[in-house]
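**Student:** turn this into a model:
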Amino acid sequence: MAEQQEISIWFFCGILMLAYGVVLVATGLTEIHHPPPTVLAELQPTLWWGVLLSLFGGFYTIRFRPGKG
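**Tutor:** Just a heads-up that it's a prediction; the model follows:
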């Protein structure tokens, strides 16, 4: 009889953060040459948040992946 393994909710949170991060990085890269007319747009906050979310999402996805262990 096969033993069922539980999947951590943090794995799914990691996938979501990684997906949002990739979308934000792509959006931030397209905004480099044409930043939106907002305050401090030259700092590229969309790109930086995308990088941060991608890093955290990648960490959670790898750390809590099913079948590791």
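
**Student:** before we move on, which element is residue 11 in?
**Tutor:** Assigned by DSSP states H and E, residue 11 belongs to helix 9-30.

**Student:** in whatever helix or strand comes next after that helix, what counts as buried?
**Tutor:** Going down the chain from helix 9-30, the next helix or strand is helix 45-63, by DSSP H and E. Using 16 or more other C-beta atoms under 10 Å as the test for burial, helix 45-63 gives 46-47, 49-50, 53-54, 57-58, 60-61. Backbone N, C-alpha and C define where each C-beta goes, glycine included.

**Student:** where does residue 5 land on pLDDT?
**Tutor:** Looking at residue 5, its pLDDT reads 79.

**Student:** next one: residue 69
**Tutor:** For residue 69, pLDDT reads 55.

**Student:** same question for residue 2.
**Tutor:** pLDDT, read off for residue 2, is 63.

**Student:** related to what we said a few turns ago, for the buried residues of helix 45-63, which one is nearest residue 10?
**Tutor:** residue 60 (5.4 Å; C-beta to C-beta).

**Student:** with adjacent residues omitted, what lies nearest to that closest one?
**Tutor:** Distances taken as C-beta to C-beta, 6 or more residues apart in numbering put residue 14 closest to residue 60, at 2.8 Å, once the chain neighbours are dropped.

**Student:** what lies in contact with stretch 3-18?
**Tutor:** 53-54, 56-67 (C-beta atoms under 8 Å, 6 or more residues apart in numbering).

**Student:** distance check, the nearest residue to residue 19 once chain neighbours are set aside against residue 47.
**Tutor:** Nearest non-adjacent residue to residue 19, counting by C-beta to C-beta, 6+ apart: residue 57, 7.3 Å away. Counting by C-beta to C-beta, to the nearest Å, the gap from residue 57 to residue 47 is 15 Å.

**Student:** where does the prediction get shaky in the protein?
**Tutor:** Under the criterion pLDDT under 70, the flagged ranges of the chain are 1-2, 68-69.

**Student:** repeat the analysis, applying 90 as the threshold.
**Tutor:** Regions of the chain meeting the criterion pLDDT under 90 cover residues 1-6, 35-36, 67-69.

**Student:** tell me how far the most centrally placed residue in it lies from residue 29.
**Tutor:** Central residue of the chain (C-alpha atoms, centre = their mean): residue 18, 2.6 Å from the mean position. According to C-beta to C-beta, residue 18 stands 17 Å off from residue 29.
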